[in-house]
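Peer 1: structure for this input, please:
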Amino acid sequence: MSEDIKKTISELHIYEKKLLKELEANPGATPIRIASNTGMDIKSVMSAAGSLASKDIIEMRKDVEKIYSLTEDGLKYANNGLPERKILDVLSKKSQIPMKDLANEAGIDKKETGIALGWLRQKNWAQIDKGVINITDEGKEFADKAGVDEKVLDYLKANADGVKLFSDDLKDGFKKLTGRKNILNIKKETSHSFKILPKGEAILEVGFEIKEQATQLTHEHLKDGEWKSLEYRPYDIKAEAPVIFAGKKHPLRIIIDEIREIFLNMGFSEDNGEFVESAFWNFDSLFQPQDHAAREMQDTFYLKNPLTCDLPDDALVKITAETHETGADTGSIGWQYDWSEDIARQSVLRTHTTGISTKHLFNHEPPIKMFSVGRVFRRETFDYKHLPEFHQVEGLVCDEGISYQNLLGTLKEFYKKLGFEVRFRPAYFPYTYLSTETEIYLEEKESWIELGGAGMFRPEVLKPLGINQPALAFGLGIERLAMIRYDVEDIRMLYKSDIKWLRELPTVNGVEL
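Peer 2: Prediction:
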C-alpha cells in the first residue's frame, strides 16, 4: 500500500467512507438512495461527495433538466385559442375586416389584437392594406388545421405535470412559443450522479473499516475512561485554512495617523481649520495678489452659499491691504494695486492648509510648533495623478532665532521618521523666502522624487499678523506619499474602494507596510 493511499484513508471522514462503500455496492446510486441506504441526510451526502471529488476519489456530475408546462395564460390559449387563431377564424368566413372592427369581431381586447397582428404577419396568415385586414392563401390553408405552436399547446395541456423533451415534429412549435411571453413555465430540475475514479478504486481495494471517530478529547471522555477505546481522526496540518480578512484601517488613514504621531512626538500641537474659508485667509494672508492666476475659477472652487465670509478685525484687514498695495513697513513695495475687501470676502473651498498656519499665527503667541492634516480642494481634471480633492499636511514653527538651518534640520528629522533619506533643492513659493523642495530617495527605482515644499515665511506674511519672529513652514501631499508607499501608479486607486486591493495590502501587526 502506497503511503499516499494510506494517508488518504486515514483522513477520510466516516461519511466519506460510507458514501464510497455505497457507490461500490450500487454504482449508479442517486443521492437520495445513498441517503436512504446509509442513514445520512442529503446535505451530508452532498458534502461528503464534494470532499471526495476534491481529492480525486470520485467524479461528481451535475445535470440540469428543464421542465416545461403551461402558465395560466398558456392554458387559456390552449382552451380558447391563440389571439391570431380567433382572428383567422373570423377571416375564414369574411375574407377581410376593417381594422377598426377587428377586436370586436374576433372577441379579443386591444392588447391581444396588437400581439395577434404581429403573429398573423409572421405566420403569413393575413395582410393589412389601406386599413383593412385580408386573409392570405396560407391563412386559408390553416383555417381548418392547427399550427405547430398550437399542437405544442395541446400537448402541454395533455401533460399538465410538465414535459422535458419534445418530439421532432413539435420542436419548431416549441421554439415559437418560447418567443412569446407568459405562455410557458420553465422549471429547472437538478440531479447529481457519481463515478468512482482510479484513486477511489485503489482505496476500496486496500479496504477500510467504518468506525465512529472522535475529533476532540472531551472532559467526559477522560472522566468515563472512554478515551482508551476511542479512535481519533487524524488532523492534516497541511490542509488549506480559510482565508480570513481582518478589519483594518484604510491605507490613507494609516498614513495620516502615522504622520500625526510623528508630529506629536516631535512636540507639535495640532490645529484644524474649516473646509469653507474666506479668500482673505486662503490667499490674502499669504501675500498672494488678488489677480493671481491661482484665484481664477478654473483653479479654485468658489461658493454660492455662503457667497461671502466675514473678515477678521479691521486692524488686520487694514495692514494686509497696505502690505499688498505698498508693502507697508515690511521693506517690500507690495504689489502696487488697489486691494479689494469684496474679493477678500469671497468664500472658497480651501485650496491648501497653509491658511490654517497664518490664522494660527494671528491667534497665538510664539513660540509655536503646530501641524495640521486636512482635505483641500482644487479644480483639477481627473487623471492618474490629479484629483479635485486630496489631503495636505502642514507644519509650522515660529520662535526667536529660528533659521533656514532649523528648517532643513526639522525636515530631515520628519522624513527620517517616515523612513526616507532626503535632499533639498532651491525652489520658489510666493509666500516663503528662502524656499526649498524636499526630495526623497527610492531605492527600488534608484531615483530621487520630489515630495514636499518648505520655506521661511516672508515678512509680508508675518508682519500683518503681528509676528516679529521668524517662522518656518513645510508641507506635503498624503496621496503622493501613499502612492509611493503602496506602489500605486494611479491616484484614483486610493479612492476606488477596491475591496480586493484593500484586502491584499500586506500588514504587520495590523498596520500596512
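Peer 1: hmm, who's touching stretch 172-181?
Peer 2: 68, 74, 115, 147-153, 166, 183-184 (C-beta atoms under 8 Å, 6 or more residues apart in numbering). For every residue, glycine as well, the C-beta is placed using N, CA and C.
Peer 1: report the buried residues of that stretch.
Peer 2: Within stretch 172-181, the residues that qualify as buried are Gly173, Phe174, Lys176, Leu177, Arg180, counting by 16 or more other C-beta atoms under 10 Å.
Peer 1: could you do stretch 198-205 as well?
Peer 2: Using 16+ other C-beta under 10 Å as the test for burial, stretch 198-205 gives Lys199, Gly200, Ala202, Ile203.
Peer 1: pipe these into TSV and attach distance to Leu494, pLDDT and secondary structure per row.
Peer 2: Below are the buried residues of stretch 198-205 laid out as TSV (distance: C-beta to C-beta, whole Å; pLDDT from 0 to 100; DSSP: H, G, I helix; E, B strand; the rest coil):
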residue	distance to Leu494	pLDDT	secondary structure
Lys199	48	91	helix
Gly200	51	87	helix
Ala202	54	89	helix
Ile203	52	89	helix
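Peer 1: so which of the residues you listed is the closest to Glu444?
Peer 2: Nearest to Glu444, judged by C-beta to C-beta, of those is Lys199 at 46.2 Å.
Peer 1: assess the claim that that closest one and Ile57 are in contact.
Peer 2: Yes. With contact taken as C-beta atoms under 8 Å, Lys199 and Ile57 are classed as touching, separated by 5.2 Å.
Peer 1: which neighbours do these two share?
Peer 2: In contact with both Lys199 and Ile57: Thr8, using C-beta under 8 Å, 6+ apart.
Peer 1: from the contacts of stretch 172-181, which land in helices?
Peer 2: Judged by DSSP state H, these include Gly74, Ile115, Val148, Asp149, Glu150, Lys151, Val152, Leu153 as members of helices.
Peer 1: adding distance to Ala246 and neighbour count, write those out as JSON lines.
Peer 2: As requested, those are exported to JSON lines (distance: C-beta to C-beta, whole Å; neighbours: other C-beta atoms under 10 Å):
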{"residue": "Gly74", "distance to Ala246": "54", "neighbour count": "22"}
{"residue": "Ile115", "distance to Ala246": "57", "neighbour count": "15"}
{"residue": "Val148", "distance to Ala246": "62", "neighbour count": "16"}
{"residue": "Asp149", "distance to Ala246": "59", "neighbour count": "24"}
{"residue": "Glu150", "distance to Ala246": "63", "neighbour count": "20"}
{"residue": "Lys151", "distance to Ala246": "63", "neighbour count": "17"}
{"residue": "Val152", "distance to Ala246": "57", "neighbour count": "29"}
{"residue": "Leu153", "distance to Ala246": "59", "neighbour count": "23"}
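Peer 1: which one of these is nearest to Phe287?
Peer 2: Distances from Phe287 to the ones in helices among the contacts of stretch 172-181, taken by C-beta to C-beta, are shortest for Ile115, at 77.0 Å.
Peer 1: identify the residues contacting stretch 78-93?
Peer 2: Here stretch 78-93 has contacts from 70, 77, 97, 102, 105-108, 112-113, 115-117, 119-120, 123, 125-126, 133-135, 139-140, 142-144, 147, 149-150, 153-154, 156-157, using C-beta under 8 Å, 6+ apart.
Peer 1: can you list the buried residues in that stretch?
Peer 2: Ala78, Gly81, Leu82, Pro83, Glu84, Arg85, Lys86, Ile87, Leu88, Val90, Leu91.
Peer 1: just list the residues touching Tyr68, thanks.
Peer 2: The neighbourhood of Tyr68, defined by C-beta under 8 Å, 6+ apart, consists of Leu156, Gly162, Val163, Lys164, Phe174, Leu184, Asn185, Ile186, Lys187.
Peer 1: among those residues, which pair sits farthest apart?
Peer 2: Longest span within these, C-beta to C-beta: Phe174 and Lys187, 15.4 Å.
Peer 1: so which of the contacts of Tyr68 belong to helices?
Peer 2: Leu156, Phe174.
Peer 1: possible to save the contacts of Tyr68 as CSV with distance to Ser347 and pLDDT?
Peer 2: Below are those laid out as CSV (distance: C-beta to C-beta, whole Å; pLDDT from 0 to 100):
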residue, distance to Ser347, pLDDT
Leu156, 71, 82
Gly162, 70, 85
Val163, 72, 84
Lys164, 71, 81
Phe174, 69, 81
Leu184, 64, 88
Asn185, 63, 87
Ile186, 61, 86
Lys187, 64, 89
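Peer 1: filter the contacts of Tyr68 down to the buried ones and hand me the ChimeraX line.
Peer 2: A single ChimeraX command selects the buried members of these (16+ other C-beta under 10 Å):
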select :156,163,174,184
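Peer 1: between the contacts of Tyr68, which sits nearest Tyr337?
Peer 2: Out of those, the member with the shortest distance to Tyr337 (by C-beta to C-beta) is Ile186, at 78.3 Å.
Peer 1: hey, what's that closest one bridged with?
Peer 2: With DSSP bridges as the criterion, Ile186 is bridged to Tyr68.
Peer 1: ditto for the one 4 residues further on
Peer 2: With beta bridges defined as DSSP bridges, Thr190 has these partners: Val64.
Peer 1: measure it to Glu22 for me?
Peer 2: 20 Å (C-beta to C-beta, to the nearest Å).
Peer 1: which of these two has more neighbours?
Peer 2: The residue with more neighbours, out of Thr190 and Glu22, is Glu22; 20 against 8, by other C-beta atoms under 10 Å.
Peer 1: neighbours around the nearest residue to that one once chain neighbours are set aside, how many?
Peer 2: Distances taken as C-beta to C-beta, 6 or more residues apart in numbering place Ile34 nearest to Glu22, at 5.0 Å, with adjacent residues excluded. Neighbours of Ile34 under the rule other C-beta under 10 Å: 23.
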